[in-house]
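Novice: Here is the input, now give the coordinates:
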Amino acid sequence: MNMPTVSVISYTPTSGGIQIRWTKPVDNFETITDYEIYIYSNTATDFIQSTFCDGTLLVLLRSCNIPTSELTGAAFTLAYQDAI
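Specialist: Now for the predicted structure:
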């Protein structure tokens, strides 16, 4: 499985979150039908799939906005300046 390169484009607490963007990975001549976005969780000490990034829609956009409320909520419990 090829993993795309991911970048955090912006973080704006006042607008409610971060925007991430990634490059299309090598597809080995197969159609990419969706992406799964996982974020590190402080509570589970593991990666959990984001509920705000619909993988099917992301195929064309290769961009997603994740609200601060998801990052600081019970699933992730990230604090300001935690790595994402």
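
Novice: and the closest residue in space to Y38 that isn't next to it in sequence, how many residues sit next to it?
Specialist: Closest residue to Y38 apart from its sequence neighbours, by Cβ to Cβ, 6 or more residues apart in numbering: F47 at 3.9 Å. C-beta here means a position set from N, CA and C on the backbone, and glycine is covered the same way. The number of residues packed near F47 is 13, by other Cβ atoms under 10 Å.

Novice: quick one: contacts for F47?
Specialist: Contacts for F47 (Cβ atoms under 8 Å, 6 or more residues apart in numbering) come out as Y38, I39, Y40, S41.

Novice: quick one: low-confidence ranges for this protein?
Specialist: 1-16, 44, 84 (pLDDT under 70).

Novice: SS state for the residue nearest to Y38?
Specialist: Classification of F47 using DSSP: H, G, I helix; E, B strand; the rest coil returns strand.

Novice: What segments of the protein are helices?
Specialist: Applying DSSP state H to the chain gives helices spanning 58-61, 68-72.

Novice: Need the winner for burial among those helices.
Specialist: helix 68-72 (a mean of 17; mean count of other Cβ atoms under 10 Å).

Novice: just checking, S50 touches I37?
Specialist: Yes - if you go by Cβ atoms under 8 Å, S50 and I37 touch, sitting 4.2 Å apart.

Novice: Mind listing the shared neighbours of those two?
Specialist: Counting by Cβ under 8 Å, 6+ apart, the residues touching both S50 and I37 are C64, I66.

Novice: thinking again about what came up before, could the helices of the chain go into a markdown table alongside distance to I18?
Specialist: Formatted as a markdown table, those follow (distance: least, Cβ to Cβ, whole Å):
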| stretch | distance to I18 |
| --- | --- |
| helix 58-61 | 15 |
| helix 68-72 | 7 |
